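J.: coords please:
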Amino acid sequence: MEAVNKVIIRETAPRDGWQNLEFIETDMKFQIIEKIVDMGAPEIEVTSFVNPKAVPQTRDASELARRVIGMVSEKDKHVKLTALVPNKKGAENAYASGIKTVDFVMSASEEHNKRNVRRTIDESFAALEDIIDNSPEDFEVRLAFACVFGSPFGDKIDIDNVIKIIEKSLHMGVKIIGLADSAGLSTPDHTSAVLRRIKEYVDIDKLSAHIHDTRGLGIANTYAAYQEGIYKFDAALGGLGGCPFIPGAAGNISSEDVITMFERMGVKTGIDMGEMKEASLFLSENIKGKYNSKILDINKINS
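T.: The predicted structure follows:
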């Protein structure tokens with residue numbers, strides 16, 4: 001497949017990147033997200049509407065969402081704001097807060113799904129169907145499909161079952177399927193092989209990639225996915241993040257690194273590199289976390 005010359009990078013730091021950190025005050029979250037907006041991010045995962053007992057970091061989800069929506073409107077920026085939801089209540093709370101695009105999280109690993117959302121895969125799929133059947137017409141539901149490229153708990157991922165779930169989800173009305181390497185287990189050859197199988201049945205326009213860098217192969221897997229025709233990617237400033245229910249899980253691919261890679265390849269991202277540097281440095285100066293970004297390290301040295 002001929003590689004495209006433009007990619008869409010969704011900035012996930014405000015949700016996935018910060019969910020394991022100590023609570024960040026809403027004003028600080030807002031300031032960082034504003035800088036992410038200013039750098040030209042086409043999509044931002046603002047928060048998650050989950051039980052605050054499970055993820056205390058997002059207990060301000062509604063307030064933050066409303067403030068960010070207002071700021072984007074005032075700036076007249078064309079940016080899609082999304083949020084993660086685990087159930088119908090989360091979807092309803094997201095919509096009430098003004099978020100019109102959500103990712104429903106479900107895993108290809110039965111064990112991970114039970115630990116992450118305390119349901120079987122079949123139960124999660126039924127919940128997804130319920131959300132779609134009872135959603136307003138202007139509500140877009142995506143599927144955040146975890147552990148597609150491997151399970152950290154040793155259970156085998158059946159690619160045929162993955163394809164069945166994807167096809168059923170799309171038929172129900174899911175708009176985008178986010179294929180996640182949640183534990184960073186994949187290698188470039190495996191990433192390519194999985195995507196080639198899925199592409200036999202699914203339009204590439206319906207797929208995105210959410211890749212973690214647990215074993216240092218995040219950028220390599222991103223490039224492999226790009227070579228297979230994927231042009232929608234998730235990334236997080238500073239390479240922060242990781243699922244709280246996966247032991248030893250590391251962060252997402254770094255936005256700074258993946259955007260720099262694509263820009264140097266001549267692939268357009270729509271990101272202002274100067275504004276991205278400012279946002280990245282501001283984040284690292286104000287938020288304590290385990291950073292994993294080569295470009296951030298270079299920027300610190302040169303600042």
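
J.: from here on, just use CA atoms for contacts and neighbour counts.
T.: Will do.

J.: any weak-confidence spans in this structure?
T.: Applying pLDDT under 70 to the chain flags the ranges 1-3, 244-250.

J.: how about the nearest residue to Lys6 once chain neighbours are set aside, what does it touch?
T.: Distance criterion CA to CA, 6 or more residues apart in numbering; nearest residue to Lys6, sequence neighbours excluded, is Lys268 at 4.5 Å. By CA atoms under 8 Å, 6 or more residues apart in numbering, the contact set of Lys268 is Asn5, Lys6, Val7, Phe262.

J.: swap in Met39?
T.: Ile271, Asp272, Met273, Gly274, Glu275, Met276, Ala279.

J.: how far does stretch 255-263 sit from its chain's centre?
T.: Relative to its chain's centre, stretch 255-263 lies at 16 Å (CA atoms, centre = their mean, to the nearest Å).

J.: please apply the same query to stretch 137-148.
T.: 11 Å.

J.: would you mark the buried spots in it?
T.: Glu140, Val141, Arg142, Leu143, Ala144, Phe145, Ala146, Cys147, Val148 (16 or more other CA atoms under 10 Å).

J.: columns secondary structure, distance to Thr12 and neighbour count on top of the contacts of Met39, output as TSV?
T.: Formatted as TSV, the contacts of Met39 follow (DSSP: H, G, I helix; E, B strand; the rest coil; distance: CA to CA, whole Å; neighbours: other CA atoms under 10 Å):
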residue	secondary structure	distance to Thr12	neighbour count
Ile271	coil	15	20
Asp272	coil	17	12
Met273	helix	17	16
Gly274	helix	19	10
Glu275	helix	17	16
Met276	helix	14	23
Ala279	helix	14	24
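
J.: now the helices: where do they sit in the stretch 51-200 of the chain?
T.: 61-75, 88-96, 110-117, 121-133, 159-172, 188-199 (DSSP state H, counting those that start in this stretch).

J.: ok, the stretch 201-303 of the chain next?
T.: 218-227, 255-264, 273-286, 294-302.

J.: name the element Arg10 belongs to?
T.: strand 8-11 (DSSP states H and E).

J.: show me what that strand is packed against.
T.: strand 43-48, strand 232-235, helix 255-264 (3 or more CA pairs under 8 Å, 6 or more residues apart in numbering; DSSP states H and E).

J.: can you tell me which of these is nearest to Ala183?
T.: strand 232-235 (14.6 Å; CA to CA).

J.: ok, now how distant is the nearest residue to Glu129 once chain neighbours are set aside from Glu285?
T.: Closest residue to Glu129 apart from its sequence neighbours, by CA to CA, 6+ apart: Met172 at 7.0 Å. According to CA to CA, to the nearest Å, Met172 and Glu285 sit 44 Å apart.
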